[in-house]
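> give me the fold of what follows.
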Amino acid sequence: MQTFTELGVPAVLTTALDRLGITTPFPIQAATLPDSLAGRDVLGRGRTGSGKTYAFAIPVVARLAASRAPARPGRPRALILAPTRELATQIEATVRPLADAAGLRTLVVFGGVGPNPQIKALKAGVDVLVACPGRLDDHIRGGHASLEAVEVTVLDEADHMADLGFLPVVRRLMSQTPSGGQRLLFSATLDNGVDVLVRSFMHKPVTHHVDSAAQAPVEMDHHVLHVRDDDRFGVLVELLAAPGRSVVFTRTKRRAKVLTRQLNAAGVPAVELHGNLAQNARNRNLSAFSDGTAGTLVATDIAARGIHVDDVALVIHADPPVEHKAYLHRSGRTARAGARGTVITLMTDEQQADVRDLARKAGIRPVTTRTRPGDALLAELAPGERTFTAPVAAAPASRPAPSRPASPEAPAEGTAGRSRRSRRGRGAAASPAAAQSSSPTPTGRPRTSGPAQDSTSRPRSSGPAQDSPSRSRSSAPAQDSTGRPRSSGPAQESGGEGHGRVQSPGRRRGARRAAGSGQSPESGQTQREPGASRGSGQAQRGSATSRGSGQARGSASTPRSGTPQQRTTSSGGAAAFSARFSDRRSGR
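Just a heads-up that it's a prediction; the model follows:
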């Protein structure tokens, strides 16, 4: 087996590879490095996990280190295009140690994040630019980048870019690079329009086929577990509770999200990876999976390419893929770089025909077994002691704020309606002292010099309360039933000499109707006995009688006959109107 030095890799890079523990080249690297280091265009085809990233990273860094041209703002010297953010990030992480050893700068550019940090880095100058086609095209259109100084261009996973519909923008980007530059194209397959890129932009490329992309590596063990639909989750939990890292593939983003939640609830630490996640969430979940915080990664096909995590021992197709190429790319997350791995497909009765067709096209002969949770086969496929963690407790629901006693500024719940009615229709008692200085109004009624007050002249509270038989008269500012100053317009007062009751417009209208019937609005009212009923649907006004909200009104049993000077209490609003209306009817 040849070494990297024998293949022509510069000493500075072989030293960096040694520090990374990479001492022996893989077949794809041994086949392509002599031509790529010599400056030829190379077309390399190899399956997922065959080591293609170092096959183009080494010649890119070696060429830039040899030319020693300075990096200019917004003009990268090498361009590596990748179809997904995850793959671009993985490539940049692979290239960076080699670039650092050679004194070169690297930058990764993709969408889904803010463009300003990328623009700033481009202006600072970059040697190796790893980019997704869409975001790079945006930067070029905005005048922040130019490809006129690119010496070598690499297309990784070109067939996947074609599947995602990136070929038009890839062709536009490739046409902006110098025609004399070196081009390297690596892909698992050469269909879906990839040959168009080869014919258009590559000059006499040297083609290397290391292994067939239509076949799975021999280091994989393939199993199909025939399960009942209601046993599928139980089998999955038993497999994933074993030690080691596992990747579970689902067909939809929602299925990945729901399954991740269910696994965590069952005590299996898991993180999700799909297109609906923001970039910081993707990075956080990948980091948790890489450092072992979560042993299971539940992903859609977005993770089928470019996600390289060491020591993934098990890949499970919770939902079988639609096509055989997706099966091979998914399965390529295990058995990477010569290691062994196990691939399991969960199959229900309805999926038997599809799974058989899938295996035939993928060129595999899986072992099919009907199984249920607790079977010994599950321990053989995923050996080790099963461990479960306590599910993360959900955040407690917000508790309602404790109730506080009502204050003059905060009436008790359920009294607001009565407070509003009280403000509209209830009269207020005036101070006896104010009656001496009162003057007649145009209607002949005395005018009090002090502002009007509410009939109770006290704040309401949430507990039971009683009025005193004789209510105090004062010249304090007018208040409503909650004790707050009332900001209503000018009110007219009524009553005899020395008595200043504020009348609302409703009471004035009732007074006029009473006057028209020949009765005095004051002396014509009938005396109400303590506890007398106020009519249908109304609470009684007797002493300490409940009004429905836990409050009791004061005694209203004081005789109301005679002149206003003899009355010690004042009642108004609905009660006064009801009394006057009944007198009216009796007078008729």
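> what packs against the longest helix that the chain contains?
In the chain, assigned by DSSP state H, the helix with the most residues is helix 85-102. If you count contacts as 3 or more CB pairs under 8 Å, 6 or more residues apart in numbering; DSSP states H and E, helix 85-102 packs onto helix 11-19, helix 52-67, strand 78-81, strand 106-109, strand 128-131, helix 279-290. For glycine as for every other residue, the C-beta is placed from the backbone atoms N, C-alpha and C.
> now the protein, which segments are flagged as low pLDDT?
1, 47-49, 190-192, 211-218, 303-306, 335-338, 392-588 (pLDDT under 70).
> show me it divided up by domain.
The record's domain parsing of the chain by automatic domain parsing lists 11-209, 220-381, 411-458+472-482+492-521+567-581.
> related to what we said a few turns ago, got JSON lines for the helices and strands packed on helix 85-102, with mean neighbour count and distance to Val235 too?
Formatted as JSON lines, these follow (neighbours: other CB atoms under 10 Å; distance: least, CB to CB, whole Å):
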{"stretch": "helix 11-19", "mean neighbour count": "15", "distance to Val235": "42"}
{"stretch": "helix 52-67", "mean neighbour count": "23", "distance to Val235": "34"}
{"stretch": "strand 78-81", "mean neighbour count": "26", "distance to Val235": "40"}
{"stretch": "strand 106-109", "mean neighbour count": "23", "distance to Val235": "39"}
{"stretch": "strand 128-131", "mean neighbour count": "27", "distance to Val235": "39"}
{"stretch": "helix 279-290", "mean neighbour count": "17", "distance to Val235": "22"}
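> okay, the ones you listed in JSON lines with distance to His308 next?
Shown next, in JSON lines, are those (distance: least, CB to CB, whole Å):
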{"stretch": "helix 11-19", "distance to His308": "16"}
{"stretch": "helix 52-67", "distance to His308": "8"}
{"stretch": "strand 78-81", "distance to His308": "15"}
{"stretch": "strand 106-109", "distance to His308": "15"}
{"stretch": "strand 128-131", "distance to His308": "14"}
{"stretch": "helix 279-290", "distance to His308": "10"}
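> closest to Leu297 out of these?
Proximity to Leu297 (CB to CB) singles out helix 279-290 among the helices and strands packed on helix 85-102, at 4.6 Å.
> next secondary structure after the closest one?
Once the chain leaves helix 279-290, the next helix or strand it forms, by DSSP states H and E, is strand 296-299.
> in the longest helix of the chain, which residues are buried?
Using 16 or more other CB atoms under 10 Å as the test for burial, helix 85-102 gives 85-92, 94-99, 101-102.
> now do that helix against helix 11-19, angle only.
On the basis of axes from the mean of the first three to the mean of the last three CA atoms, to 10 degrees, helix 85-102 is oriented at 120 degrees to helix 11-19.
> which of the buried residues of helix 85-102 sits closest to Arg370?
Once CB to CB is applied, the member of the buried residues of helix 85-102 that ends up nearest Arg370 is Glu86, at 35.6 Å.
> wait, isn't that closest one in contact with Ile307?
Yes. Contact criterion CB atoms under 8 Å: Glu86 and Ile307 qualify, at 5.6 Å.
> now do the shared contacts for the two.
When contacts are counted by CB atoms under 8 Å, 6 or more residues apart in numbering, Glu86 and Ile307 are jointly contacted by Leu273, Leu286.
> sorry, back to before: the longest helix of the chain versus helix 52-67: what angle between them?
Using the same axes, to 10 degrees: helix 85-102 against helix 52-67 is 40 degrees.
> can I get helix 85-102 in PDB, CA atoms only?
Provided in PDB are the C-alpha atoms of helix 85-102 (Å, rounded to 0.1, in the frame of the first residue of the first chain):
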ATOM      1  CA  ARG A  85     -25.200  23.200   4.800                       C
ATOM      2  CA  GLU A  86     -24.300  20.100   6.700                       C
ATOM      3  CA  LEU A  87     -22.000  18.800   3.900                       C
ATOM      4  CA  ALA A  88     -20.400  22.300   3.400                       C
ATOM      5  CA  THR A  89     -19.700  22.500   7.200                       C
ATOM      6  CA  GLN A  90     -18.200  19.000   7.200                       C
ATOM      7  CA  ILE A  91     -16.000  19.800   4.200                       C
ATOM      8  CA  GLU A  92     -14.700  23.000   5.800                       C
ATOM      9  CA  ALA A  93     -13.900  21.200   9.000                       C
ATOM     10  CA  THR A  94     -11.900  18.700   7.000                       C
ATOM     11  CA  VAL A  95     -10.000  21.300   5.000                       C
ATOM     12  CA  ARG A  96      -9.200  23.600   7.900                       C
ATOM     13  CA  PRO A  97      -6.500  21.600   9.600                       C
ATOM     14  CA  LEU A  98      -4.600  21.200   6.300                       C
ATOM     15  CA  ALA A  99      -5.100  24.900   5.400                       C
ATOM     16  CA  ASP A 100      -3.900  26.000   8.800                       C
ATOM     17  CA  ALA A 101      -0.700  24.000   8.400                       C
ATOM     18  CA  ALA A 102      -0.200  25.700   5.000                       C
END
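> just want the angle from that helix to helix 279-290.
Using the same axes, to 10 degrees: helix 85-102 against helix 279-290 is 70 degrees.
> any idea which element Phe388 lies in?
Residue-wise, Phe388 maps onto no helix or strand under DSSP H and E.
> and for Arg135?
Per DSSP H and E: helix 133-141 holds Arg135.
> so what secondary structure elements neighbour the helix or strand hosting Thr345?
Assigned by DSSP H and E, Thr345 falls within strand 341-347. The contact analysis (3+ CB pairs under 8 Å, 6+ apart) places strand 341-347 against strand 220-226, helix 232-240, strand 312-317.
> helix or strand right after that strand?
Criterion used, DSSP H and E; the element after strand 341-347 is helix 352-362.
> one step back: so which of the domains of the chain gets nearest Thr3?
Once the domains of the chain are compared by CB to CB, domain 11-209 is nearest, at 7.2 Å.
> the closest one: end-to-end distance?
27 Å (CA to CA, to the nearest Å).
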